Every structure is written in structure tokens, then in C-alpha cells.
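K.L.:
structure of the sequence below:
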Amino acid sequence: IVDWCDPINFYTYPQVIKVGDFTKPSVICPGYDYDWDGTLDPLVFSTSPFACTAGFEVPLPEVADNCSSWEVYSEIVTTVEVDVVDQYGQITGTTLDTIVVRVIEWDAASRFVSGIPTGNHMFYYMVQDDCGNKTEVYCPFSVADQIEPTAVCDDELHISIAGGDFARVFADDIDEGSWDNCEIDRIEVRRNLFDPINYTCGNSFSLWGDYVDFFCCDVGVEIEIQLRVIDKAGNINTCWLNITPEEKVRPYCEAPHNVDTDCTDLPYDFDAFDTAQLQDLFGMATATDNCGATAEELPPVVDLECGFGRIIRRFRATDIHGNQSVNFCQQVVDIKEVHNFEIKFPEDAEAICGVADPDSVTYEEIACDLLAVNHTDEFFSASGDECYKIFRTWKVINWCQYDGEGDPLVIGRDEDCDNNPGDECVWVLHRPNGYTYIDRDDDETEPNNVPLAFQNICQGFDDFWRKVDYDGGFYQYTQIIKVYD
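P.N.:
Got it, this is the predicted structure:
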């Protein structure tokens, strides 16, 4: 203080003026407006493609101070559930505890952190200005799996329709190593060209599921299969492949039962090589297959003589995709021989000079028989008023019976024993019971009753003249023809 009237003497009084900063820094959490509502949302960091943890630069908060600069100390903290243990070491429950995951000093060379697990965490910021004022904030953030899983399909898949008209392919059969950086929740498949209402072939996609089914109607058709991989976070990825189902199951052929029949049971126009007729008479094979098949008859192996013997019918089944049966499929038809025929040898005859043309042998083949007739003539001088006599020896062979060596059964000229040989025709009736009947007509049965008993001088019984146990198929009879001038 100076007194200008006494300027030599002045007084000095010190005064201290303190200027202080007592206001804490203002800190705003980092964020991002994900939903575009004008308000910052907590940050979300994605995991890396190859691990279920995140790596990122820890962001700085927005800081404002009215006076000086500041320093930011950062931590990543999270809340975990820990066990509560009593004084005896027994777990009595759980409680939540906050732990520090990472620390970033204010002067750290890098703010990059890695290995942060998925879940909800917090950034802890402690901001201190040059005046020592501190502000602490906790800023929530989360680490989420935002990486789609890798879907890998087997592009060498081959599908063959099995028994029951369908094939089932599971997602595991199609998956060829799909994976996720965290954890796969489920793998599903579906296919196109499907009718989900009637559960068969169609024009839609099947529902996503653990498997897809294929049917006979899919064979030869290119079908797309899609494989969908979903991780625990709901991320989805898809792969696909095209397959053409096949059907390699061979059909089964079942032949009709073997048949034994008499040749007389067959129609007159029977043709052992006529497969249509064989099917009408002896049945047809059936074909069984997962996708449907038909049976066809192959040319038969025929070993018949005189209409009897064996026919081996062969069959084959072919399914709708061209697969053929390989099992033994045949029917054996055994046709038993039955011999039933009638021969009428003529009575003696007379003729006027010239060529004698008397009655000849007639016959009827009723069963499996093949008769042949021949005769030889011997001429003799007359013993009466005729010019000469012809002894005509008839021989009848049934080629279906005769063994080529046996002697003929000689039919007598006086089978009725009336001492008038050759006075009437003689019938030779061979029947299926193996007997040969010598008779006056072509009916040896009792109702016919011809000849009558009194007319059969030799045997004394009616219905026929003679019964012979003969099955040799060779008969001989001599007819005498007198020739007059």
C-alpha cells in the first residue's frame, strides 16, 4: 500500500487466491442405436468364426470435463454364480459374484482383448481428471454368437429304395462334417417333389425334420435334398445336393403248385407250347416286389409223347424298374398216360371177281393213343364153289403202348363160340383200367347187357364176350374174303 504523501514508506500484505476444480468428469457409456429408435443400445460383439469367444478393441466412453484433461482406467467385469459354503465346507446354495475378466490401464499400449465368452458383461470405467475428481460407471455389453454354422453335405450319396416301398435317409447320413464355432443345436433335412398331405411324391417340399423318405415313384427322378444346420444361438446355414434314387431289389417269383393230371383231362386242341392255354389250365405265377412287378412265362420245356409226359413251365418276374427275379421259379406238370380206344374188326366178306373191297378196320382214339392199321393178304385155292379165298390178317398197333417187341394179342374168329367164325364184327375195347374187352359192340358195361348171357356160349356171362388183362397195344385178327366168279 503506497501513501503518495509518504512514498518512501509502503506496506506489503500477501493475499492467497485459490482456484479449484471440484466437478467430476461427465462419462457416457459407449453404445450403438441398433434399433434406430434414437437411443443408444448396449454394444454387442460377435464371437470369432473359429471360437466361441470374442476379440475386440475395448471402446472408450464419451468423457467431458470442465477444466482439465483426464485418464480412463478400464475393466471388463461379469457376474457369475458361485457356491456358498458353510463353516463345514458344505455347499448351502449359490450367490452372484462380480469378477474382473480383463484390465486395461489408462496408458495401455493396446486396448484389444480376446477370449471374452458369450453372455452379458460390463465395462467398468474409472475416469479421473487432473484435479483428482473421479467418475465410475458400469456400461453393459454382450458377446453373442452371430456366426452361421458351416453346413457340409455328402455329394456322393446314393439312395436305393428298399423293401416296403420306401427308403429313409437321416440327417446324419447326409451330414459330412457340419460344424459351428460354438455349438450346433440341431441338423434337419427336407426334400422337394413331395406331397406332405398324402406323404408321397408331389410338387412341394417336405417339412424340416430328422429324416426324409423316398418312394418307388421317386426312382429315376432327380430330387434336391436340403440340409439345415442351426446353432444354439439360432444362426442357420444350409447346404444341398441332388440325388436320383435307385431301386435294385430283385422281385420274387412264385410259381403255381405242381400239377398231376390225366391226358384225358386236357382239351382236344391242347398245345403244350401255347403259354396262354397253359395259364388257363394250370394257373399263372405271381410276382412280389417292393415297387410292383409282373410275372411272365418263358417258353416251356416239353417232354411229351403221345400226349403224356412232363411239361416244365418256367417263369420270371420283372419289376417296374427292370430288375428281374433270380430265384428258381417253375411249375412241373405231369400228364399221366391214359389209354382208351376202340377197334372194330370186320366180319368175313364175299366179293365178285376183280378187286375185293370188303369192310376195313375202323377205330377211335379216345385218350392218349396213336393207332396204326396194316394188313397182309394170303391167297388160297377155293375149297368150294368160290374162285379163291383171301386170308386178310389185320394188325393194329397203338404206338403209345407197344414196346416194339411183344407178340400181338390174337383176336379169335369165333369169340362168341357159336361155331360160326367170322360171322359178325368183333370189337376190341381197351379201357383205362388196363383191360381189353372183346365184345359184340362198343359198350362193355353192364347197363348195355349185350350180348345176353345165353348168347355167350363160351363164357356164360353177359355184357361182353371176353376180358383180357392186356396192355401191350398190339392186336391181330384174320378176316376171310371169298371171291366168286
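
K.L.:
pLDDT weak spots in the stretch 251-400 of the chain?
P.N.:
354-356 (pLDDT under 70).

K.L.:
all strands of it, in order?
P.N.:
252-254, 259-262, 286-288, 293-305, 308-319, 330-336, 341-345, 349-352, 362-365, 371-381, 388-398 (DSSP state E, counting those that start in this stretch).

K.L.:
which strands or helices does the second one pack on?
P.N.:
When contacts are defined as 3 or more CB pairs under 8 Å, 6 or more residues apart in numbering; DSSP states H and E, strand 259-262 sits against strand 330-336. Glycine gets a C-beta too; all of them are placed from N, C-alpha and C.

K.L.:
can we see that at 10 Å?
P.N.:
Helices and strands touching strand 259-262, by 3 or more CB pairs under 10 Å, 6 or more residues apart in numbering; DSSP states H and E, are helix 275-282, strand 308-319, strand 330-336.

K.L.:
just say which of these is most tucked in.
P.N.:
Among these, strand 308-319 has the highest mean neighbour count (mean count of other CB atoms under 10 Å), at a mean of 20.

K.L.:
let me know the angle separating that one from strand 293-305.
P.N.:
Counting by axes from the mean of the first three to the mean of the last three CA atoms, to 10 degrees, strand 308-319 lies at 160 degrees to strand 293-305.

K.L.:
next one: strand 308-319 to chain centre, how far?
P.N.:
25 Å (CA atoms, centre = their mean, to the nearest Å).

K.L.:
tabulate the CA atom coordinates of that strand in CSV.
P.N.:
Taking Å, rounded to 0.1, in the frame of the first residue of the first chain, the C-alpha atoms of strand 308-319 are listed here in CSV:
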residue,chain,number,x,y,z
PHE,A,308,-48.4,-137.7,-71.8
GLY,A,309,-45.2,-136.9,-70.1
ARG,A,310,-43.9,-133.8,-68.4
ILE,A,311,-44.1,-130.1,-69.0
ILE,A,312,-41.8,-127.8,-67.1
ARG,A,313,-43.2,-124.3,-67.1
ARG,A,314,-40.7,-121.5,-66.3
PHE,A,315,-41.5,-118.1,-65.1
ARG,A,316,-39.6,-114.8,-64.4
ALA,A,317,-40.7,-111.7,-62.5
THR,A,318,-39.7,-108.2,-63.7
ASP,A,319,-40.4,-105.1,-61.6
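
K.L.:
contact partners for Lys248?
P.N.:
Applying CB atoms under 10 Å, 6 or more residues apart in numbering to Lys248 gives the contacts Ser160, Ile161, Ala162, Val219, Asp319, His321, Asn323.

K.L.:
so the first one touches Asp218, yeah?
P.N.:
If I follow you right, that is Ser160. No - assessed by CB atoms under 10 Å, Ser160 is found out of contact with Asp218, at 11.0 Å.

K.L.:
and these two? which has more neighbours close in?
P.N.:
Asp218 (24 against 12; other CB atoms under 10 Å).

K.L.:
show me what contacts that one?
P.N.:
159, 161, 166-167, 191, 193-194, 200-201, 243-247.

K.L.:
now list the buried members of those residues.
P.N.:
Buried members of the contacts of Asp218, counted by 16 or more other CB atoms under 10 Å: Ile159, Ile161, Phe166, Ala167, Arg191, Leu193, Phe194, Ile243, Pro245, Glu246, Glu247.

K.L.:
for the residues you listed, which one is nearest Cys67?
P.N.:
Arg191 (71.1 Å; CB to CB).

K.L.:
neighbours around Leu157, how many?
P.N.:
14.

K.L.:
check what pLDDT it gets.
P.N.:
Per-residue pLDDT puts Leu157 at 93.

K.L.:
the closest residue to it other than its chain neighbours pairs with what?
P.N.:
Closest residue to Leu157 apart from its sequence neighbours, by CB to CB, 6 or more residues apart in numbering: Ile243 at 5.6 Å. Ile243 has these beta-bridge partners by DSSP bridges: Ile223.

K.L.:
per-residue confidence at Ile243?
P.N.:
96.

K.L.:
one more: the one 4 residues further on?
P.N.:
What the model reports as pLDDT for Glu247 is 93.

K.L.:
check Gly93 too.
P.N.:
For Gly93, the model assigns a pLDDT of 88.

K.L.:
got the buried residues for the helix or strand hosting it?
P.N.:
Take DSSP states H and E as the rule and Gly93 turns out to sit in strand 91-104. For strand 91-104, a neighbour-count test (16+ other CB under 10 Å) marks Arg102, Ile104 as buried.

K.L.:
please apply the same query to stretch 413-422.
P.N.:
For stretch 413-422, by 16+ other CB under 10 Å, it's Arg413, Glu415, Asp416, Cys417, Pro421, Gly422.

K.L.:
and the strands of the stretch 251-400 of the chain, which is most packed in?
P.N.:
strand 341-345 (a mean of 22).

K.L.:
neighbouring strands of that one in the sheet, and parallel or not?
P.N.:
strand 362-365 (antiparallel), strand 426-430 (antiparallel).

K.L.:
ok, of the buried residues of stretch 413-422, which one's closest to Thr436?
P.N.:
For the buried residues of stretch 413-422, the nearest to Thr436 is Glu415 (12.0 Å; CB to CB).

K.L.:
from the contact counts, what lies against the lengthiest strand in the chain?
P.N.:
If you go by DSSP state E, the chain has its longest strand at strand 70-85. Packing partners of strand 70-85 (3+ CB pairs under 10 Å, 6+ apart): strand 62-64, strand 91-104, strand 112-117, strand 119-129, strand 134-144.

K.L.:
need the ones you listed in TSV with distance to Leu40, can you?
P.N.:
Formatted as TSV, the helices and strands packed on strand 70-85 follow (distance: least, CB to CB, whole Å):
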stretch	distance to Leu40
strand 62-64	10
strand 91-104	21
strand 112-117	21
strand 119-129	13
strand 134-144	10
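
K.L.:
and of the strands of the stretch 251-400 of the chain, who's closest to Ser114?
P.N.:
Nearest of the strands of the stretch 251-400 of the chain (CB to CB): strand 308-319, 62.0 Å.

K.L.:
tell me what angle the closest one forms with strand 330-336.
P.N.:
Going by the same axes, to 10 degrees, strand 308-319 makes 160 degrees with strand 330-336.

K.L.:
against which helices or strands is strand 308-319 packed?
P.N.:
Strand 308-319 packs on strand 252-254, strand 259-262, helix 275-282, strand 286-288, strand 293-305, strand 330-336, going by 3+ CB pairs under 10 Å, 6+ apart.
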